[in-house]
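Participant: could you look at this predicted model? Sequence included:
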Amino acid sequence: MLELNVNNETSRLLAVVLGTAKSNGLAPNAEECYDPKSRENVLKGTYPTEKDMIKELDELENVLLKYDVKVYRPDIINNYNQIFSRDIGFVIDDSFVISNILPERSEEISAIDKLIDLIPKNKIIELPEECHVEGGDVILNNDYVFIGTFDGDDYSNFKTARTNYQAIQFLKNTFPEKKIISFDLIKSDSDPKKNALHLDCCMQPVGNDKLVTCPEAFQKKDQYYWLIDQFGKENLLELSLDEMSEMNCNFFSIDTNIVVSEKSFTKLNNWLRSFDMIVEEINYKEISKQGGLLRCSTLPLIRKNS
């Protein structure tokens with residue numbers, strides 16, 4: 001059996017699901033895209049190739065293996081995008097929550113059925129149909145669970161609105177010992193600089209007490225001020241909307257002092273190193289053209305207790 005354990009974003013990583021770009025399918029047309037970054041690159045003719053994305057994922061896998069992380073890969077579904085494994089499910093403590101994601105992505109979870117079979121049945125949580133949530137909107141911070149959402153009356157009109165309040169309430173009821181804090185995010189189906197697709201696109205804890213975030217991604221400023229009070233202004237790296245849209249918030253922590261980041265993120269990487277963190281810089285620019293990056297590609301299963 002697989003004994004899950006994840007309660008934050010930064011403790012030593014022991015086991016993870018890493019997405020795959022093999023048999024990724026043809027590039028979509030603009031109407032088929034369900035995020036503005038992909039749409040932008042389709043229209044510009046710069047949508048990434050399968051070959052380039054496989055290469056980038058292999059580079060990430062090599063870094064994970066370097067630190068003795070057990071890496072699981074999904075089974076291949078022919079002609080299907082399976083890069084962003086983060087969204088299909090998530091672990092809270094020792095329980096695996098199966099996400100209710102976009103219908104266009106509903107088959108992705110079947111690619112890790114063999115892995116799910118290793119999890120005790122009483123530790124698998126399935127949400128009611130009306131509860132929409134994707135793993136990119138769920139960030140763990142020990143006693144806290146941060147969840148990104150969109151609470152506009154026009155929620156159903158946005159392809160980029162992925163997590164609703166019904167899901168948040170369900171998770172509050174399911175994990176009553178957790179302090180669940182929601183954040184209302186900006187959304188746009190057409191402009192990547194006005195869209196925080198998931199919470200991990202605009203904020204992420206790092207190290208023992210630091211936070212990388214984009215203030216302008218939060219619709220309700222009091223929610224952002226709460227983060228400042230929680231982490232302390234001196235522990236924040238604040239990024240612009242342009243930096244957010246380039247996915248600067250979407251690095252991935254292997255440990256409190258080891259972070260994998262895109263090599264072009266000079267400001268972020270230098271800031272992390274200023275706290276004596278090891279920054280493993282890799283090429284991940286092509287995958288970023290689909291509106292996700294390193295955290296989006298990974299689904300942690302086991303982290304060592306801090």
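Facilitator: Nice, I can see it. Numbers count the residues shown, from 1 in each chain.
Participant: okay, and for the stretch 1-150 of the chain, where does confidence drop off?
Facilitator: Applying pLDDT under 70 to the stretch 1-150 of the chain picks out no residues at all.
Participant: please enumerate the strands of it.
Facilitator: Remark: strands assigned in the stretch 1-150 of the chain by DSSP state E, counting those that start in this stretch are 13-18, 70-72, 89-92, 95-98, 124-126, 138-141, 144-149.
Participant: just so I know, which of the ones you listed lies nearest E281?
Facilitator: Nearest of these to E281, taken as CB to CB: strand 13-18 at 17.7 Å. All C-beta atoms are positioned from the backbone trio N, CA, C, and that covers glycine.
Participant: other residues contacting the closest one?
Facilitator: Strand 13-18 is contacted from outside by 2, 57, 60-61, 64, 67, 69-74, 85, 112, 115, 253-255, 297-304, using CB atoms under 8 Å, 6 or more residues apart in numbering.
Participant: can you pull out the helices in this structure?
Facilitator: All helices of the chain, identified by DSSP state H, fall at 36-44, 50-66, 113-116, 165-174, 221-231, 241-245, 266-273, 285-288.
Participant: using JSON lines, lay out the ones you listed together with distance to F183 and mean neighbour count.
Facilitator: Listed next are the helices of the chain as JSON lines, based on distance: least, CB to CB, whole Å; neighbours: other CB atoms under 10 Å:
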{"stretch": "helix 36-44", "distance to F183": "19", "mean neighbour count": "19"}
{"stretch": "helix 50-66", "distance to F183": "27", "mean neighbour count": "16"}
{"stretch": "helix 113-116", "distance to F183": "29", "mean neighbour count": "14"}
{"stretch": "helix 165-174", "distance to F183": "10", "mean neighbour count": "17"}
{"stretch": "helix 221-231", "distance to F183": "5", "mean neighbour count": "14"}
{"stretch": "helix 241-245", "distance to F183": "14", "mean neighbour count": "20"}
{"stretch": "helix 266-273", "distance to F183": "20", "mean neighbour count": "16"}
{"stretch": "helix 285-288", "distance to F183": "22", "mean neighbour count": "21"}
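Participant: go through these and name the closest to F150.
Facilitator: Among those, the nearest to F150 by CB to CB is helix 165-174 (9.3 Å).
Participant: can you list contacts of that closest one?
Facilitator: Contacts to helix 165-174, defined as CB under 8 Å, 6+ apart, come from residues 92, 97, 100, 125, 127-128, 130-133, 145, 147, 149, 151, 178, 180, 182.
Participant: hang on, the earlier thing: can you lay out the helices of the chain as a markdown table showing distance to K159?
Facilitator: Shown next, in a markdown table, are the helices of the chain (distance: least, CB to CB, whole Å):
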| stretch | distance to K159 |
| --- | --- |
| helix 36-44 | 9 |
| helix 50-66 | 21 |
| helix 113-116 | 27 |
| helix 165-174 | 17 |
| helix 221-231 | 23 |
| helix 241-245 | 16 |
| helix 266-273 | 28 |
| helix 285-288 | 19 |
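Participant: figure out which of those is closest to S188.
Facilitator: Taking CB to CB, helix 36-44 is the member of those nearest to S188, at 5.9 Å.
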